[in-house]
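>>> Give me coordinates for this.
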Amino acid sequence: MSLKSRVIDEQCNVVACKSTSDFWVPIYDTLINYVPVIVGNARDMKAFTHKKIDNIDSEFIAQLALNDMIRQSRIFSLEHRQFRSMVRLRFKLVQKRTDIKYEVSSILSPQMLHLSNVLTDIFGKNGRSYQGYVMVRILTMS
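Presented below is the predicted three-dimensional model:
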């Protein structure tokens, strides 16, 4: 039985969950068209709770929701969340590219190939051409 079917069959008035990582996203996206979904800040809810046990935790969150004691977190639209996800991915990929460039530079430096002294961008058109030339020379020498 799916979550959506169970919520509808049980005639739930509201669904509440903590905004822990991205675990709330599929719950929110699945149920928002059928029942009000409250996504609350986990830190705010933790202030009320005692021991961290899922059964007690879920019952406590249900009581908070029924008594209107959960402050709704800011939820962006699906398109906005996807856009933000793409921006984060791009940032990580650019960071990874930069790390790889630093690693290539650190490999070339001990070999006395200080290309950055000669070229403004060792990964530009001329820099890549020169690196290819050096690699061919190294491979033919061995």
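>>> Can you read off the pLDDT for His114?
pLDDT for His114: 70.
>>> how about it, what does it touch?
Applying Cβ atoms under 8 Å, 6 or more residues apart in numbering, we find His114 in contact with Leu108. Heads up, the C-betas are built off the backbone N, CA and C, glycines and all.
>>> least trustworthy helix or strand in the protein by mean pLDDT?
helix 42-46 (a mean of 75; mean pLDDT, DSSP states H and E).
>>> Can you give the distance of it from its chain's centre?
21 Å (Cα atoms, centre = their mean, to the nearest Å).
>>> If you count contacts, what does it end up packed against?
Judged by 3 or more Cβ pairs under 8 Å, 6 or more residues apart in numbering; DSSP states H and E, the packing partners of helix 42-46 are helix 54-66.
>>> Could you pull out the helices in the protein for me?
Remark: helices assigned in the chain by DSSP state H are 3-9, 24-31, 42-46, 54-66, 78-108, 125-141.
>>> where are the low-confidence patches of the protein?
1, 46-53, 55, 111-113, 115-116, 142 (pLDDT under 70).
>>> So it: which segments form each domain?
Listed by automatic domain parsing, the domain ranges of the chain are 3-66, 78-141.
>>> Give me the distance between the two termini of the first one.
In this case it means domain 3-66. 19 Å (Cα to Cα, to the nearest Å).
>>> would TSV of the helices of the chain with distance to Gln72 be doable?
Output for the helices of the chain, formatted as TSV (distance: least, Cβ to Cβ, whole Å):
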stretch	distance to Gln72
helix 3-9	18
helix 24-31	11
helix 42-46	10
helix 54-66	10
helix 78-108	16
helix 125-141	52
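>>> would you list those helices in a markdown table and tack on distance to Val15 and mean neighbour count?
Converted to a markdown table, the helices of the chain look like this (distance: least, Cβ to Cβ, whole Å; neighbours: other Cβ atoms under 10 Å):
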| stretch | distance to Val15 | mean neighbour count |
| --- | --- | --- |
| helix 3-9 | 6 | 12 |
| helix 24-31 | 5 | 16 |
| helix 42-46 | 14 | 15 |
| helix 54-66 | 8 | 14 |
| helix 78-108 | 17 | 11 |
| helix 125-141 | 54 | 11 |
